[in-house]
Each structure stands twice: as C-alpha cells, then as structure tokens.
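1. Just a sequence and a predicted model for now, questions to come.
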Amino acid sequence: MAHWVTSGDARALKAFVEGNSRRILMDIRGTRIFMSDSPWSFERVKAANPAIRFYSTSEIIEERDASA
C-alpha cells in the first residue's frame, strides 16, 4: 500500500522518514511516499504517528499546497 505523507511538524516528519527509511520512496515531484505491507500494518504505523498525515493519492497534497 502506498500513502503520500506530510506533516506540519518538520521534526516529526524527519523522525518518521528516518525511522522508516526502507519504506520511504520519492515520487517524481519529490513528495515522500510511505509503503506498507498490508492495511493492518499501515493502520498500526498511522496510529503510532499522529503528527504525520497520510494521503492515498498525491493529488490531495497538490490541492492542499495550492490553497496554502
């Protein structure tokens, strides 16, 4: 499962990326993507990282960035 990730907390995002470096990819726009093995593992990671926002498509991030 792929989920694009962002956070309003730069430190939390950096810690998340460093802690999950084997599961982080970058898309063509330079946006980070978190790869999980299953819905169950994704939900565990999501619950353990409340400062991280997970999106199922990159378009959500583009729309959010455009309105900021």
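-> Happy to help now that I have it. Model, not experiment: these values are computed from the prediction.
2. And the strands in the chain, which stretches?
-> 2-6, 24-26, 32-35, 53-55 (DSSP state E).
3. for stretch 22-41, which positions count as buried?
-> Burial within stretch 22-41, assessed by neighbour count using 16 or more other CB atoms under 10 Å, is assigned to Thr31, Arg32, Phe34, Ser36. For the C-beta atoms, the positions are set from N, CA and C on the backbone; glycine is no exception.
4. Can you tell me what sits against it?
-> Stretch 22-41 is touched from outside by 1-6, 13, 17, 20, 42, 45, 54, 58, 61-62, with contacts defined as CB atoms under 8 Å, 6 or more residues apart in numbering.
5. Only the buried members of the residues you listed: can you turn that into a PyMOL selection?
-> To isolate the buried members of these in PyMOL, using 16+ other CB under 10 Å:
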select buried, resi 3+4+5+13+17+20+42+45+54+61
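6. returning to that earlier point: next, format the strands of the chain as TSV and append mean pLDDT.
-> What follows is the strands of the chain, written out as TSV (pLDDT from 0 to 100):
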stretch	mean pLDDT
strand 2-6	95
strand 24-26	97
strand 32-35	97
strand 53-55	95
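7. which non-adjacent residue is nearest Val45?
-> Ser36 (6.3 Å; CB to CB, 6 or more residues apart in numbering).
8. Pairing partners for Leu25 in the sheet, please.
-> With DSSP bridges applied, the residues forming beta bridges to Leu25 are Ile33.
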